[in-house]
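Participant: Sequence first, predicted model second:
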Amino acid sequence: MAYVDDSQSTSSSKSVVITFRCWDDSLPVYLVTSLNNWEPVLMTKQEDQSSDDDHRFQHTAIVQEDVSTVHYKFRIGDSYFLHDDSAPTG
């Protein structure tokens, strides 16, 4: 899931918070985006877990106002890639 955090955005850039829920927290979770030439960025595990069994990870990306689309995937561990089922594709 991704959303714009208006409280951290400026007139020239948007703060986009991308979250991911994972069944396991024993492996690192990375965000891989078109914003940084698809270089993996380690996501931060959120300590405020809800009562479900999923673990939540988050990363905030700063997106310049001239960027209209951001493509991203999640990488778990060294090689397992997933896309965001809640985001449009295409």
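Facilitator: Nice, I can see it.

Participant: which non-adjacent residue is nearest the spatially most central residue of the chain?
Facilitator: Centroid-nearest residue in the chain: I18, 3.2 Å away (criterion: Cα atoms, centre = their mean). In this structure, I18 finds its nearest non-sequential neighbour in A2, 4.6 Å apart by Cβ to Cβ, 6 or more residues apart in numbering. Every residue, glycine included, has its C-beta placed from N, CA and C.

Participant: if we can go back for a sec, may I have the beta-bridge partners of the residue nearest to the centre of the chain?
Facilitator: For I18, the beta-bridge partners under DSSP bridges are A2, H59.

Participant: so how far is S26 from it?
Facilitator: 21 Å (Cβ to Cβ, to the nearest Å).

Participant: do the same with R56
Facilitator: Applying Cβ to Cβ, the value for R56 to S26 is 15 Å.

Participant: for the chain, what spans make up the strands?
Facilitator: Under the criterion DSSP state E, the chain contains strands at 2-4, 13-22, 29-33, 41-42, 44-45, 55-64, 72-76, 80-82.

Participant: Tell me which of these sits most buried.
Facilitator: Ranked by mean neighbour count under mean count of other Cβ atoms under 10 Å, these are led by strand 29-33, which reaches a mean of 21.
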